[in-house]
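Visitor: A structural model of the following input is requested.
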Amino acid sequence: MKIGKLEYILLAVAVIVFLISCIVTERSARIAVILGVVEEIIPESPKVALTFDDGPHELYTPKLLEGLKERDVTATFFIIGKNVDGSEEIIKSMQDDGHLIGNHTFSHVQLSKISDDAACAEIWKANTTIFDAIGKIPVYIRPPFGSWTEELTSAVEMQVVMWDVDPMDWKYQNADRIVNHVLSKAADGDIILLHDVYPASVEAALRIVDELKERGFEFVTVEEILLD
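Guide: Just a heads-up that it's a prediction; the model follows:
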């Protein structure tokens with residue numbers, strides 16, 4: 001059968017398309033290999049979550065927020081409900097800056113020492129107060145003293161957040177001691193417990209950020225740690 005000029009052209013085009021697809025496929029494979037090698041050579045930065053309990057404080061929390069913003073760092077704040085009144089603008093600033101806001105009960109009560117009904121009321125009252133300030137109900141809760149029960153797990157539809165590193169800043173209130181403790185303990189995936197109601201804690205927190213950033217750490221919210 002005689003092949004016409006048009007058939008020759010179509011055949012040539014088909015061959016060219018085939019050759020191009022082979023080249024693209026080969027290059028894509030090479031790129032994939034290179035990216036895989038790069039990922040192995042450059043691992044992800046270690047992550048930690050700074051958390052602050054008992055606030056907000058009218059003086060120290062704004063100072064902390066300013067320092068975190070300057071350093072482009074997000075953290076998690078577990079708010080005591082009764083502290084919200086008069087501090088609504090501070091809490092709105094937390095939200096606007098990308099920080100995660102959690103529940104620390106309404107009056108900082110040890111939940112395992114009261115009835116389940118009273119504990120749920122404490123939690124819900126704090127949630128309502130925080131909602132009134134920022135228009136969002138917290139998903140995460142840190143029970144004061146780390147006190148929690150199995151009954152509350154069934155009754156409260158919130159994610160409980162504890163901690164990995166505790167420098168007991170509320171007790172010692174010494175910035176050097178707080179910084180040294182955290183720097184000696186912090187590791188990838190850790191949740192660090194601090195309080196934004198003491199000047200030494202705020203000073204220490206910002207020093208910790210500076211030092212851990214120098215070591216290559218990335219600061220994230222507890223949500224990112226728990227979902228990772």
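
Visitor: where in the chain is the helix or strand with the lowest mean pLDDT?
Guide: Every helix and strand in the chain was compared by mean pLDDT, DSSP states H and E; the lowest is helix 5-41, with a mean of 59.

Visitor: C-terminal to it, what's the next element?
Guide: The first helix or strand that comes after helix 5-41 along the chain, using DSSP states H and E, is strand 47-53.

Visitor: what's the residue lying closest to Ile90 once chain neighbours are set aside sitting at in phi/psi?
Guide: Nearest residue to Ile90, sequence neighbours excluded (CB to CB, 6 or more residues apart in numbering): Pro56, at 4.5 Å. In this view, the C-beta of every residue, glycine as well, is placed from N, C-alpha and C. With angles defined as degrees, to the nearest 10, Pro56 sits at phi -80, psi 150.

Visitor: what sits against Pro56?
Guide: Pro56 sits next to Phe77, Ile79, Asn83, Val84, Ser87, Ile90, Ile91, Met94, Asp196 when contact means CB atoms under 8 Å, 6 or more residues apart in numbering.

Visitor: biggest separation within the residues you listed, which pair?
Guide: Greatest spatial distance among these (CB to CB): Val84 and Asp196, at 13.8 Å.

Visitor: neighbour count: these two, which is higher?
Guide: Using other CB atoms under 10 Å as the criterion, Val84 and Asp196 rank with Asp196 on top: 27 against 22.
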